[in-house]
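Q: got a predicted structure here, sequence first:
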Amino acid sequence: MANSGQAPEEHHDSDHPSPARYIQIAVILTLITAFEVAIYYVESISKEAFIIIFVGMGIIKFIIVAMFYMHLKFDHRLFTWLLLAGLTLAIFAIVTLGTLFRIFT
Amino acid sequence: MASAVGAIGAAGAAPSESGVWSWITTVDHKRIGVLYGVSAILFFLLGGSEAFLIRMQLASADADLISSGVFSQLFTMHALTMVFLAIMPLGAAFFNFLIPLQIGARDVAFPRLNALSYWLFLFGAILLNSSFVFGGAPDAGWFAYANLTSTTYSPGDSMDFFTLGLLVLGVSSLAAALNFVVTILNMRAPGMTLMRMPVFTWMALIVSFLLVFALPILTVGLVELLLWRFFDMPFFSAEFGGDPLLWQHVFWLFGHPEVYILILPAMGIVSEILPTFSKKPLFGYTAVVFAGVAIAFMGFAVWAHHMFTVGLGPVAIAAFSASTMLIAVPTGIKIFNWIFTLWGGSLDLRTPMLFSLGFVSLFIIGGLSGVMHASPPLDRQQQDTYFIVAHLHYVLFGGSIMGLMAGIYFWFPKLTGRMMGEGLGVIHFWLMFIGMNVTFGPMHLVGIMGMPRRIYTYSEGSGWEFMNQLESVGAIILAIGLIIFAVNIFRSLRSGEVAGDDPWDARTLEWSISSPPPVYNFDAIPVVYSKEPFWDQKHPELAHDKPPADAVAPVAEDPASIHMPNPSYWPIIVAFGASLMAGLVIVNPYLAFIGGAITMMGVYGWIFEPAGPEEHH
Amino acid sequence: MATHSTTAPHTGPLATTTGLDHRKLLMWTFLASECLFFGSLIATFLLFKDASVSGPIPQEVLNIPVTSTSTFVLLTSSLSMVLALAAIQRGDIVSGRVWILATAVLGATFLGFQVFEFKEFIDEGLKPSTNVFGASFFTLTGFHGAHVAVGVIWLMSLFIFSFKSKDGIPASKSLDVELCGLYWHFVDIVWVVIFTVVYLISSLE
């Protein structure tokens, strides 16, 4: 941590969302979760459709938190690339193992 | 301001002191590199002794020098020691010593985290090896396949030493890798763009990323193994719906990137040495770098070629066979680039160059026998035979160890200020080169003849006697070579020829400073305009990328005003606490809280310790 | 570092090459590594969730209403975390402290839900050793809970040590909170994945 005290100029605080925006985002996240739970009890939806809806909603929540709460939208690209590299490899491992163990059939 | 900083800086000069305490509390990357290097060489000798015993047992048919049980412990610990306690930490030793010097920095980004990595490594290694004393070492092979690791088939504590020792070593490597990633990305000298970095530093960056992404996978596997053994959680028990194959997948999903973690540092070293002793820049710098990146990425997509015989099904086997053949392409690119670097150069066959040429030639053999196994039918034939043992030793001994030896001879003068003896060095090289081929060459043949791996003896008349005898003679040659190496090191330390700053007429920044380097490395942070800044500075008439006409050389700072981070004893306390926690799990999981408490205390002490004098005022 | 050459193409020796803080880069690299850690645990869960030889199976024990509530708690804690950072960056000491404490309390509440849930499952006959679903479920959610616990300790440490000085955590040290925040939000998005995969999808009939 020898060099931790430097470079205050890397903060572009003016770009960061305001607290009001943060609260709006929290409302959106809550609404998505509430929507998920609500349709969970709709019996006419098929299992496949449920999976698509839930995965889609999960991805949206994931992206919103990463972009706004973790500031990736406003921060250096390198951070986004690091997260994407980890995610890509993780998804690759999950999908390949799932295929090898035939869980998707 | 300058005078105030100077006064504080004088107090900050303390890390250059000597004595045991100064080594325990050191945060200097060069000293940590030495600690890593010395420990790794000692563990290399330990692993070598284990291999020597194995070879003596197999020297004749129906031998009973050691029992089958001890034999299993020996080959397991030989592999674990060589992989995790010798080659990886030797790579870490070079990373530590060289990265800051090559990128023109004064230390790594997190000096105390660096010290923590070393102490975790040392304590983890001791934990793993202490199993020899406490009821027997792990004996299920280094890849520890389930079911062999279940409480039924490995009833004692040996596999728990394996799991917990490797978990501690994994944390150590992860911390080191994170540190190197930040150091390389963030602390390069002005002007050193990514595509001007020395190839060794590039390979260090790639290895660090491989560790960052591969280690957590091993961690999960080890945790599952631990929970399976301690709490009967049935991950690998088929009778409860678990699957022993999951362990193999998880292990090799980590294990194949690990192979590249072991070889890429040596590739980086050789990519520095060949140009220096050919008096030519590296041929195809960009290709070598991107081949390294490609190997790293593809390394995550080939793991199941270790598992062609478990019944993956034709589609999976075809896919992994194809990806394995594909990964030979970037590897081949590197080899051609090294050969073209030699082509037309004025070769100077000093010891580092001999070892580098040994690396290239032996790695080609290991690479070729490796790509053979991309073919599933051939792989099935050779699975679990000595052919595989031959292949992996050509890659890891002929490859990694030869490359690392080249690095030791090459950078020893920079580290110590003295040259290593050239005469003994040449003898060492030829003994290693011949011994290596005599030991591992016949294994190809005896493997094709059908001798399985991991058998502790074989019977008279099997037809394997002569080859095994020959291999054991090779092991004796290797042992003599290593004794000469040790003699050479001690003699050179005491009375080696004084090296000077740049004994090899080398090309990268570390040779521009004194040997050994001062604590602060660079009194003036260099400004970089090309891939080989020091060579271009010495030979401006040959330089492609010249500094702009108005460039002014950086002004040296007064050494007294350069403040370096303070020594700290918190890293060793945290490492001790964490390793104690791991060790106590074996005794009683509840006792582990003692280790946890020490770790917590250490972490808080660490956080509130001022890292450097600049944070005092 | 006035002594450094003024003609250097980039900045002085104490500035970083990328312009990014060392610690923040370290944290992001660590989080990238954590993706593989949780990825492997999720892979294990997916392989095993329907592989158990005997029950209970996911559909019998997973309780969506309870977990939805705890998910809401954890999402809200991410909100209080960003509000804490925003307060500290604008120098609002009191709000900073309040939001940090709120985040820790919400995190602890989430852990309370998890303890309750684990106890329920064990009462219903699902122990970690009962079947592979139990083993992979408790390992995955247990490690997530351990990450939340570390985050709560971190937040409480920030909160307590903010009283060491009258200025609390000054804006110049907001990075200390930002790093904790990155970790916290990451643990939150891991939960978003777990809630989707482990709870919503696995409990479908």
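A: It's in. Residues are numbered from 1 along each chain as shown, chains lettered A, B, ... in the order given.
Q: buried set for the longest helix that chain B contains?
A: Criterion DSSP state H: the longest helix present in chain B is helix B:244-278. Burial within helix B:244-278, assessed by neighbour count using 16 or more other Cβ atoms under 10 Å in any protein chain shown, is assigned to B:244-278. In this view, the C-beta of every residue, glycine as well, is placed from N, C-alpha and C.
Q: just the element for the spatially most central residue of chain A, please.
A: In chain A, the residue lying closest to the centroid (Cα atoms, centre = their mean) is A:F62, at 1.4 Å. Following DSSP states H and E, one finds A:F62 within helix A:47-64.
Q: domains in chain A, as residue ranges please.
A: Domain ranges of chain A: A:17-74, A:75-105, per automatic domain parsing.
Q: which residues touch C:K127?
A: Residues in contact with C:K127 (Cβ atoms under 8 Å, 6 or more residues apart in numbering or on different chains) are C:F121, C:G134.
Q: helix/strand/coil for it?
A: With DSSP: H, G, I helix; E, B strand; the rest coil as the basis, C:K127 sits in coil.
Q: quick one: list the elements packing against the helix or strand of chain C with the lowest mean pLDDT.
A: The least trusted helix or strand in chain C, going by mean pLDDT, DSSP states H and E, turns out to be helix C:58-61, with a mean of 91. Under the contact criterion of 3 or more Cβ pairs under 8 Å, 6 or more residues apart in numbering or on different chains; DSSP states H and E, helix C:58-61 touches no helix or strand at all.
Q: poorly predicted segments of the chain, please.
A: I'll assume chain A. Applying pLDDT under 70 to chain A picks out residues A:1-15, A:105.
Q: actually, chain B is the one I wanted.
A: In chain B, residues with pLDDT under 70: B:1-17, B:611-617.
Q: element containing the residue nearest to the spatial centre of it?
A: Closest to where the C-alpha atoms of chain B average out (Cα atoms, centre = their mean) is B:M88, at 2.3 Å. Assessed by DSSP H and E, B:M88 sits inside helix B:88-103.
Q: that helix and chain A, any residue contact?
A: No - figure legend: helix B:88-103 not in contact with chain A (Cβ under 8 Å from any Cβ of the partner chain); closest approach 11.2 Å.
Q: now C:L75: how far from B:I295?
A: 41 Å (Cβ to Cβ, to the nearest Å).
Q: re the thing from before, out of the buried residues of helix B:244-278, which are close to chain A?
A: Okay, of the buried residues of helix B:244-278 touching chain A (Cβ under 8 Å from any Cβ), that's B:L246, B:H249, B:L253.
Q: so which of those residues is the closest to B:V487?
A: B:L253 (42.5 Å; Cβ to Cβ).
Q: which residues touch the closest one?
A: Here B:L253 is in contact with A:A93, A:L97, B:A214, B:I217, B:F300, B:W303, C:S40 (Cβ under 8 Å, 6+ apart).
Q: just flag the most distant two among these.
A: Across the contacts of B:L253 (Cβ to Cβ), the longest gap, 14.9 Å, separates A:L97 and B:A214.
Q: tell me which of the two has more neighbours.
A: Comparing A:L97 with B:A214 by other Cβ atoms under 10 Å in any protein chain shown, the one with more neighbours is B:A214, at 28 against 20.
Q: any idea which element the more buried one lies in?
A: helix B:199-231.
Q: what's the angle from that helix to helix B:244-278?
A: 160 degrees (axes from the mean of the first three to the mean of the last three Cα atoms, to 10 degrees).
Q: tell me the residues of the stretch 301-450 of chain B that contact chain A?
A: B:A301, B:A304, B:L312, B:A316.
Q: what residue in the stretch 151-300 of chain B comes nearest to chain A?
A: B:F213 (5.4 Å; Cβ to the nearest Cβ).
Q: show me the contacts for that residue.
A: Contacts of B:F213 (Cβ under 8 Å, 6+ apart): A:A85, A:G86, A:L89, B:P257, B:F300, C:A32, C:S33, C:L36.
Q: number of nearby residues for the residue nearest to B:L174 when sequence neighbours are not counted?
A: Among residues not flanking B:L174 along the chain, B:L215 sits closest, at 4.9 Å (Cβ to Cβ, 6 or more residues apart in numbering or on different chains). By the criterion of other Cβ under 10 Å, B:L215 has 24 neighbours.
Q: give the contact list for B:L215.
A: B:G170, B:S173, B:L174, B:A177, B:F254, C:S33.
Q: taking those together, which two end up most distant?
A: Applying Cβ to Cβ across those, the maximum distance is between B:A177 and B:F254, 13.3 Å.
Q: next, B:P567: secondary structure please.
A: coil.
Q: which helix of chain A spans the most residues?
A: helix A:77-100.
Q: identify each buried residue in that helix, please.
A: In helix A:77-100, counting by 16+ other Cβ under 10 Å, buried: A:79-80, A:82-83, A:85-87, A:89-90, A:93-94, A:96-97, A:100.
Q: count residues in the vicinity of the spatially closest residue to C:S129 that is not a sequence neighbour, would you?
A: Nearest residue to C:S129, sequence neighbours excluded (Cβ to Cβ, 6+ apart): B:D232, at 4.1 Å. Other residues near B:D232 number 15, with proximity taken as other Cβ under 10 Å.
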